[in-house]
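# Sequence first, then the predicted structure:
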Amino acid sequence: MKKNETRRDFLKQSATLALGTIAATSLSNIALAGSTVVPPNYFLPDGDKFTLSVLPYNYDALEPHIDKLTMEIHHGKHHQAYVTNLNKALETVDSSVLGGTYTFESIFEKVEKLPAAVRNNAGGHYNHSLFWILMKPNGGGQPKGKLATAINASFGSFDEFKKKFTESAMTRFGSGWAWLVYNNGKLAITSTPNQDNPLMNLSTIETKGKPVLALDVWEHAYYLKNQNKRADYITSWWNVVNWDTAESLFTAASK
Ligand code: MN3
């Protein structure tokens, strides 16, 4: 029950934040509680149900780079639909396949044996949960610390990394995601179609690894503001990247 209480506390704090009663600076303190920028139990289901991840900022907080309406629909409608449909799809899975309790990791590990609706919606829920905390108001710039060192070692320079990541996001045909992942002591850039991700145990995943950075390149992520111009959206997105979260994901992955 401790897990649920923690989640409720976080929801309560976030609800207060949504009312704007706490200054924006306090918000990052709450998100940073326990020396991590990933909220406690953020990726775990609440009992046997997954719930919509709380945005650690308001819908208009990423303006002018990512607009309020896109954020409202993307988080409140698209992401909510993945959560709703994931819970529905999980009801159809025999308990002998996943066991009584499950996490994203156990779902992605057994994804080949699960219905397509679980794969698509678990991916959708996980990928978006990651995406939100990898952005922040007044973000952007460059990573610092160990991640910066690792990026320089793997790609030569931050600019070269940025160029290659942008290329990967631009060349993903149709809907999908661009990723920076860590695997076996190395950073790599890759992309996945639809709601697949590099944690999925599938032969079709080109580069597996633990996500450090994630970029949604579905049209629903940018169409309202940028229409068909994915390049403009990616340029805007670099201005809101939360390198603190990326650093904390990298630290956890490279332990
Ligand atoms: Mn999306």
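Yes, it's here. Numbering: from 1, shown residues only.
# Quick one: name the residues of this structure near the ion.
Counting by CB under 5 Å from the ion, the positions of the chain adjacent to the ion are Asp216, Trp218, Ala221. Just so you know, the C-beta spots here come from the backbone N, C-alpha and C atoms, and that holds for glycine as well.
# ok, of those, which come out buried?
By the neighbour-count criterion of 16 or more other CB atoms under 10 Å, the residues of the chain next to the ion include these buried positions: Asp216, Trp218, Ala221.
# Look up how far Trp177 lies from the residue of the stretch 101-250 of the chain found nearest the ion.
For the stretch 101-250 of the chain and the ion, the shortest gap (CB to the ion) falls at Asp216, measuring 4.2 Å. Here the criterion is CB to CB, to the nearest Å. By it, Asp216 lies 6 Å from Trp177.
# Name the residues contacting each of the two.
With contacts defined as CB atoms under 8 Å, 6 or more residues apart in numbering, the residues adjacent to both Asp216 and Trp177 are Asn127.
# related to what we said a few turns ago, will you turn the buried ones among the residues of the chain next to the ion into JSON lines that also has secondary structure and pLDDT?
What follows is these, written out as JSON lines (DSSP: H, G, I helix; E, B strand; the rest coil; pLDDT from 0 to 100):
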{"residue": "Asp216", "secondary structure": "strand", "pLDDT": "98"}
{"residue": "Trp218", "secondary structure": "coil", "pLDDT": "98"}
{"residue": "Ala221", "secondary structure": "helix", "pLDDT": "98"}
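# from those residues, which single one is nearest Ser248?
Minimum separation from Ser248 among those (CB to CB) is found for Asp216, which lies at 19.8 Å.
# Secondary structure element holding the residue lying closest to that closest one once chain neighbours are set aside?
Closest residue to Asp216 in three dimensions, ignoring its sequence neighbours and counting by CB to CB, 6 or more residues apart in numbering: Phe131, at 5.3 Å. Using DSSP states H and E, the element containing Phe131 is helix 116-133.
# Relative to the whole chain's centre, how far out is whichever helix or strand comes after that helix?
Next in sequence after helix 116-133, counting helices and strands by DSSP H and E, comes helix 145-155. Computed by CA atoms, centre = their mean, to the nearest Å, the separation of helix 145-155 from the middle of its chain amounts to 21 Å.
# Could you point out the helix or strand that follows the helix or strand of the chain with the lowest mean pLDDT?
Lowest by mean pLDDT, DSSP states H and E among the helices and strands of the chain is helix 24-31, with a mean of 37. Scanning forward in sequence from helix 24-31 by DSSP H and E, the next helix or strand is helix 68-73.
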